[in-house]
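A.B. asks: below: sequence and its predicted model.
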Amino acid sequence: MHAVTSGQAPEQAHETVSHKIAFIGGGNMAQALIGGLLAQQFKAADITVSEPVEALHDTLRELGVKVTTDNQQAVHDARVVVLAVKPQVMALVLEPLRDQFKNQLIISIAAGVTISTLSRLLGNYPRIVRAMPNTPALIQTGASGLYATAAVETADRALATTVLQAAGLVLWVEQEQQLDAVTAVSGSGPAYFFYLMEAMIQAGQDMGLTEAQSKALTLQTALGAAKMAVNSPHSPAQLRKNVTSPNGTTQAAIEAMDATQVNVHIQQALQAAATRSAELAIALEHSSATVK
């Protein structure tokens, strides 16, 4: 697998793209990608969003993009179509579009919907990329795992990289099953860090800090640690060792966590997320098979 950070796409991916892009679904993740694309100088006039919920239309129009409720109209002139709908409605959304795709690159950001399922719903359509982004995409600091079959050409892979790179880091995996691991590590990952932040904030309060004080210290510490890990040539393990003085306060905390096997429990939690991701994919594949 290989990663592409924002601004470091493979050949062709960083070039200005004037192709028209259609989003089927205009929720938070679609809005995150659109915001990132606009920030990278994509033309708002080249982006169309099909969204059935009228309450979202004003928000989408504020971005300057075209808004419709007609999926067929949205994809008609598009070069790239981003499927940003809930997994459980994917079959219902795609069935009416079965004959609408001729030359478009399709990028699905729907969790658990496999490429084989998407292709079957579209009459064995081959040009499909499956992506798993995460919620920090909302502030263009996301991480996305991408997978495509051999039928997807290099130019299409570069184009998919450009679209997802608008929201942050892009990483291609070599096997579709690896997207379950991507889901476990980064797709669900922000929640793990929020969980740790919750615990640290509460601990600070329990030791006498106000909620505001404990929150400010926790969030700034999380931000600083993340920046250090991203920018340092050292591994997180080495950075941890660097701040763990013998018989000091940090060592006391690390020993307490080791004693209760916190690291083992974290690994088990991620495995549970990956297992659930695979289970959902199987369930969605079976349910979509009933759509004729």
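C.D. replies: That came through, no problem. Residues are numbered from 1 along each chain as shown.

A.B. asks: helix, strand or coil for the most far-flung residue of the chain relative to its centre?
C.D. replies: Most distant from the centre of the chain: Asn247, at 40.6 Å, with distances by Cα atoms, centre = their mean. Following DSSP: H, G, I helix; E, B strand; the rest coil, Asn247 is assigned to coil.

A.B. asks: for the chain, which residues score under the pLDDT cut-off?
C.D. replies: Applying pLDDT under 70 to the chain picks out residues 1-18, 288-292.

A.B. asks: change it to 80
C.D. replies: 1-18, 286-292 (pLDDT under 80).

A.B. asks: break down the chain into its strands, ranges please.
C.D. replies: 2-4, 21-24, 47-50, 66-68, 80-83, 105-108, 128-132, 142-148, 168-172 (DSSP state E).

A.B. asks: which elements pack onto the third one?
C.D. replies: So that's strand 47-50. strand 21-24, helix 28-39, strand 66-68, helix 71-76 (3 or more Cβ pairs under 8 Å, 6 or more residues apart in numbering; DSSP states H and E). The way it works is simple: take the backbone N, C-alpha and C, and place the C-beta from them, glycine included.

A.B. asks: elements contacting the longest one?
C.D. replies: Right, helix 28-39. Using 3+ Cβ pairs under 8 Å, 6+ apart, helix 28-39 sits against strand 21-24, strand 47-50, helix 57-62, helix 154-165.

A.B. asks: closest one to Gln267 among the ones you listed?
C.D. replies: The closest approach between Gln267 and any of these, judged by Cβ to Cβ, belongs to helix 154-165 at 27.2 Å.

A.B. asks: okay, that closest one in CSV with CA atoms only?
C.D. replies: Only the C-alpha atoms of helix 154-165 are listed here, as CSV (Å, rounded to 0.1, in the frame of the first residue of the first chain):
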residue,chain,number,x,y,z
THR,A,154,-3.9,4.8,-13.8
ALA,A,155,-5.5,8.1,-14.9
ASP,A,156,-8.7,7.3,-13.0
ARG,A,157,-6.7,6.4,-9.9
ALA,A,158,-4.9,9.7,-10.1
LEU,A,159,-8.3,11.5,-10.5
ALA,A,160,-9.7,9.6,-7.5
THR,A,161,-6.6,10.6,-5.5
THR,A,162,-7.2,14.3,-6.4
VAL,A,163,-10.8,14.2,-5.3
LEU,A,164,-10.2,12.5,-1.9
GLN,A,165,-6.9,14.3,-1.4
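
A.B. asks: now for Ala272, how many residues are close by?
C.D. replies: By the measure other Cβ atoms under 10 Å, the count of residues near Ala272 is 12.

A.B. asks: what angle separates the lengthiest helix in the chain from strand 128-132?
C.D. replies: For the chain, the helix that runs over the most residues, judged by DSSP state H, is helix 262-288. Using axes from the mean of the first three to the mean of the last three Cα atoms, to 10 degrees, the direction of helix 262-288 lies 140 degrees away from that of strand 128-132.

A.B. asks: hmm, back to that, which one of the helices and strands packed on strand 47-50 lies nearest to Ser144?
C.D. replies: helix 28-39 (9.4 Å).

A.B. asks: CA atoms only: put the closest one into PDB for me.
C.D. replies: Output in PDB follows, covering the C-alpha atoms of helix 28-39 (Å, rounded to 0.1, in the frame of the first residue of the first chain):
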ATOM      1  CA  ASN A  28     -21.500  16.100   5.900                       C
ATOM      2  CA  MET A  29     -18.900  14.000   4.100                       C
ATOM      3  CA  ALA A  30     -19.900  15.300   0.700                       C
ATOM      4  CA  GLN A  31     -19.800  18.800   2.000                       C
ATOM      5  CA  ALA A  32     -16.300  18.200   3.400                       C
ATOM      6  CA  LEU A  33     -15.000  17.000   0.000                       C
ATOM      7  CA  ILE A  34     -16.700  19.800  -1.800                       C
ATOM      8  CA  GLY A  35     -15.100  22.300   0.500                       C
ATOM      9  CA  GLY A  36     -11.700  20.800   0.000                       C
ATOM     10  CA  LEU A  37     -12.100  20.800  -3.800                       C
ATOM     11  CA  LEU A  38     -13.200  24.400  -3.800                       C
ATOM     12  CA  ALA A  39     -10.100  25.300  -1.600                       C
END
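
A.B. asks: identify the residues contacting Leu105.
C.D. replies: Contacts for Leu105 (Cβ atoms under 8 Å, 6 or more residues apart in numbering) come out as 79-81, 127, 129, 152, 156, 159-160.

A.B. asks: now the residues you listed as TSV including neighbour count and distance to Glu285?
C.D. replies: Shown next, in TSV, are those (neighbours: other Cβ atoms under 10 Å; distance: Cβ to Cβ, whole Å):
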residue	neighbour count	distance to Glu285
Arg79	16	28
Val80	24	25
Val81	26	21
Arg127	21	20
Val129	26	18
Val152	20	20
Asp156	20	24
Leu159	24	27
Ala160	27	22
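
A.B. asks: sweet, I'm off.
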